[in-house]
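> got a predicted structure plus its sequence, pasted below:
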Amino acid sequence: MDKGLYMGVAAMTAAERRMDALAGNIANASSIAFKRQGTVTRAFEVGNGDRKHVEIDSKHSTDWTQGQIEERSDPWSLALDGDGFFTVETPAGEAYTRNGTFHVDDKGELYTTEGHPVAWVGQRGRVQPTGEEITVDPTGRVRQGTNEVGQLRLADFVERDQLTVDREGYWHARPELTPKEPTAVVRQGAFERSNVEAIDELVGLIKVQRSFESASKVMQTIDQSYRRMNQAR
């Protein structure tokens with residue numbers, strides 16, 4: 001019976017984590033360049049002898065599938081087509097994003113929506129806010145008229161699944177992660193949609209809720225059995 005308790009608790013915990021991921025996906029279905037979060041679940045044995053039982057462990061995983069690219073009239077709306085990230089500078093250090101919705105301040109410096117400076121290759125580029133037309137080529141090279149401003153710094157990592165995400169949606173890499181050449185090309189006047197299919201997530205949420213309820217019923221049944229066994233006769 002103890003094994004049933006262990007299994008019930010583990011199943012409910014795994015279902016709860018899965019529900020958290022699904023709820024987050026649904027909430028971000030319309031967020032620019034959001035990547036769908038899933039869960040990876042594995043079962044393993046712990047303990048010895050009569051105390052040996054199976055536990056279930058779940059952890060989040062990221063679906064890096066390319067989101068649909070749509071056009072937008074803003075010249076500082078940039079989308080990545082392929083593998084890679086824009087590099088930005090945050091108080092916590094270098095961070096990475098696929099959301100290329102940028103803007104230029106009155107000094108001609110490029111920032112993210114949250115106000116973090118966008119990183120360049122070499123010296124930080126500056127533009128004239130009221131100057132000539134801005135063009136960004138597929139490599140991220142920025143020109144204003146015929147004047148070359150600089151090149152946006154793109155990044156990618158071999159162990160991409162080990163990146164961690166913060167509350168603002170920026171990805172962070174530990175120093176030991178191996179950089180690799182990004183294959184993404186930059187699309188100017190465009191943005192990448194979330195790769196979440198809201199209907200699929202809703203269906204998944206219903207299934208997980210049913211699994212959670214089933215595990216809960218198993219726990220209730222075991223609890224009732226213990227109560228009957230311990231009743232005074």
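Ah, there it is.
> contacts and neighbour counts: CA atoms only from here.
OK.
> quick check: phi and psi on residue 183?
phi -100, psi -10 (degrees, to the nearest 10).
> correction: residue 208
Dihedral angles of residue 208 (phi, psi; degrees, to the nearest 10) stand at phi -70, psi -40.
> which sections of the protein are below the confidence cut-off?
Within the chain, the set of residues satisfying pLDDT under 70 comprises 1-12, 41-47, 49-58, 212, 215-220, 222-226, 228-233.
> give me the domain ranges for it.
Following automatic domain parsing, the chain resolves into domains at 2-65+195-230, 69-192.
> rebuild these as TSV, extending it with mean neighbour count.
Converted to TSV, these look like this (neighbours: other CA atoms under 10 Å):
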stretch	mean neighbour count
domain 2-65+195-230	16
domain 69-192	17
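> so what's the residue lying closest to residue 118 once chain neighbours are set aside up against?
Counting by CA to CA, 6 or more residues apart in numbering, residue 118 lies nearest to residue 88, which is 4.4 Å off, once chain neighbours are set aside. Going by CA atoms under 8 Å, 6 or more residues apart in numbering, residue 88 touches 94, 95, 96, 97, 112, 116, 117, 118, 119.
> what is the nearest of the residues you listed to residue 74?
Closest approach to residue 74 among the contacts of residue 88 (CA to CA): residue 112, at 13.9 Å.
> thought the closest one was touching residue 105?
No: contact criterion CA atoms under 8 Å: residue 112 and residue 105 do not qualify, at 10.5 Å.
> for the protein, what spans make up the helices?
Taking DSSP state H as the criterion, the chain carries its helices at 2-27, 198-230.
> for the residue most central in space within the chain, give me phi and psi.
Averaging the C-alpha coordinates of the chain gives a centre point, and the residue nearest to it by CA atoms, centre = their mean is residue 35 (4.7 Å). Backbone torsions of residue 35, given as degrees, to the nearest 10, read phi -110, psi 130.
> for stretch 63-81, measure first residue to last.
15 Å (CA to CA, to the nearest Å).
> er, stretch 77-90 actually
Start and end residues of stretch 77-90 are separated by 20 Å (CA to CA).
> do stretch 163-174 as well
End-to-end distance of stretch 163-174 (CA to CA): 7 Å.
> swap in stretch 115-125?
One end of stretch 115-125 sits 16 Å from the other (CA to CA).
> likewise stretch 113-120?
Using CA to CA, the end-to-end distance of stretch 113-120 comes to 17 Å.
> not counting it itself, show me its contacts.
By CA under 8 Å, 6+ apart, stretch 113-120 touches 86-90, 101-103, 109-112, 150-153.
> now do 10 Å
For stretch 113-120, the surrounding residues in contact (CA atoms under 10 Å, 6 or more residues apart in numbering) are 86-91, 94-96, 99-105, 109-112, 124-125, 140-142, 149-154, 168.
> next, give me the two most distant ones among the contacts of residue 88.
Maximum distance among the contacts of residue 88 (CA to CA): 13.2 Å, for 94 and 112.
> pretty sure residue 202 contacts residue 24?
No: the pair residue 202 / residue 24 is not scored as a contact, 11.2 Å apart, by CA atoms under 10 Å.
> for residue 78, list each beta-bridge partner.
Residue 78 forms beta bridges with residue 100, residue 188, as assigned by DSSP bridges.
> spit out the contact partners of it.
Residue 78 neighbours (CA under 10 Å, 6+ apart): 69, 71-72, 86, 98-102, 136, 138, 140, 185-192.
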